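[1] Structure here, sequence nowhere to be found:
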C-alpha cells in the first residue's frame with residue numbers, strides 16, 4: 001500500500017540532519033507495516049498530481065497556522081476535499097488534524113488558553129494515552145461527520161474520526177523526547193512560556209504511546225478503523 005505524505009512544514013534546521021524532516025519521522029513511525037511512501041513537500045508547493053497518486057494520505061505538522069495566508073494552504077484544502085471525495089483514507093497530525101477539519105467546514109483558531117508542549121495525557125475512548133504535543137492552535141468547531149475519539153481538559157477535540165474516511169490527531173506520535181528537546185531549544189524560546197518549556201524538557205524521558213498510535217494509523221489505512 002502506497003502512502004503519500006504531504007509535508008506541511010520542516011524540522012528546525014539545527015536538528016534536521018540528525019532527526020530528519022517531518023515526512024521522515026512518519027516513515028520511521030510506520031515502518032514494519034508493509035507500506036511504501038511517497039513524499040511531497042506541499043509547504044514548498046510540491047503537490048501530487050491528484051488523489052490517485054497514492055492509496056492513502058497523511059498530512060504532517062507545521063509551524064504555520066491553518067488559517068494563515070500562505071500559498072500552499074488553499075491548494076492543500078482543495079486536495080483534502082478531493083481525497084475525501086475519492087474515498088481514500090486520510091490521516092492528519094497536528095497541523096494536518098487542523099487543516100482537514102478546516103477544509104471540511106470546521107474552525108481552527110489560536111487557543112485562548114495557550115500552548116500544550118511536551119508529554120500530555122489523553123482520554124482515548126476510555127483508555128489513558130500519553131503523547132508528545134506541540135501546539136497552540138486547536139480545532140474549536142467540528143466539521144460535519146467528525147466524532148471525537150481522544151480528548152483532555154485542555155484540548156476537547158484532540159483526536160477525530162470521520163467515519164471510514166479520515167483519522168486525525170492533534171498530538172505528535174512521531175515526536176520522541178529528543179525531538180521535543182530540539183523544539184524546546186530552537187523553536188520554543190520567545191514563543192512558548194519558559195515554564196512550559198521547562199516542564200516539557202523535564203518529561204522527555206517519560207514513556208509515551210507512540211506505538212499505539214502507529215498501530216492505529218496503520219489499521220486505519222488498511223481497514224478504515226482504529227480498533
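    Arrived safely, thanks for sending. Nothing here was measured: the structure is a model prediction, and the numbers come from that model. Residues are numbered from 1 along each chain as shown.

[2] what's stretch 8-15 in contact with?
    Stretch 8-15 is contacted from outside by 16, 19-22, 25, 42-43, 59-64, 72, 76, 95-96, 99, 179, 182-183, 185-187, using CB atoms under 8 Å, 6 or more residues apart in numbering. Glycine gets a C-beta too; all of them are placed from N, C-alpha and C.

[3] Any buried residues in it, and which?
    Neighbour counts over stretch 8-15 (16 or more other CB atoms under 10 Å) mark 8, 9, 10, 11, 15 as buried.

[4] got it, and stretch 54-71?
    For stretch 54-71, using 16+ other CB under 10 Å, the buried residues are 54, 55, 56, 57, 58, 59, 60, 61, 62, 64, 65, 66.

[5] Reformat the residues you listed as TSV; add secondary structure.
    Output for the buried residues of stretch 54-71, formatted as TSV (DSSP: H, G, I helix; E, B strand; the rest coil):
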residue	secondary structure
54	coil
55	coil
56	strand
57	strand
58	strand
59	strand
60	coil
61	coil
62	coil
64	coil
65	coil
66	coil
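
[6] Tell me which two of those residues sit farthest apart.
    55 and 65 (29.5 Å; CB to CB).

[7] which residues touch residue 159?
    Going by CB under 8 Å, 6+ apart, the list of residues near residue 159 reads 97, 122, 124, 148, 149, 150, 151, 167, 168, 169, 170, 171.

[8] does the second one sit in a helix, a strand or a coil?
    What that stands for is residue 122. strand.

[9] Report the beta-bridge partners for it.
    Beta bridges link residue 122 to residue 129, judged by DSSP bridges.

[10] I figured it hits residue 116, correct?
    No - the criterion here is CB atoms under 8 Å, and residue 122 misses it with residue 116 at 10.5 Å.

[11] one step back: just give me the closest of the buried residues of stretch 54-71 to residue 175.
    Scanning those for proximity to residue 175, where the rule is CB to CB, the winner is residue 61, at 8.5 Å.

[12] distance of the closest one from residue 115?
    Separation of residue 61 from residue 115 (CB to CB, to the nearest Å) stands at 14 Å.
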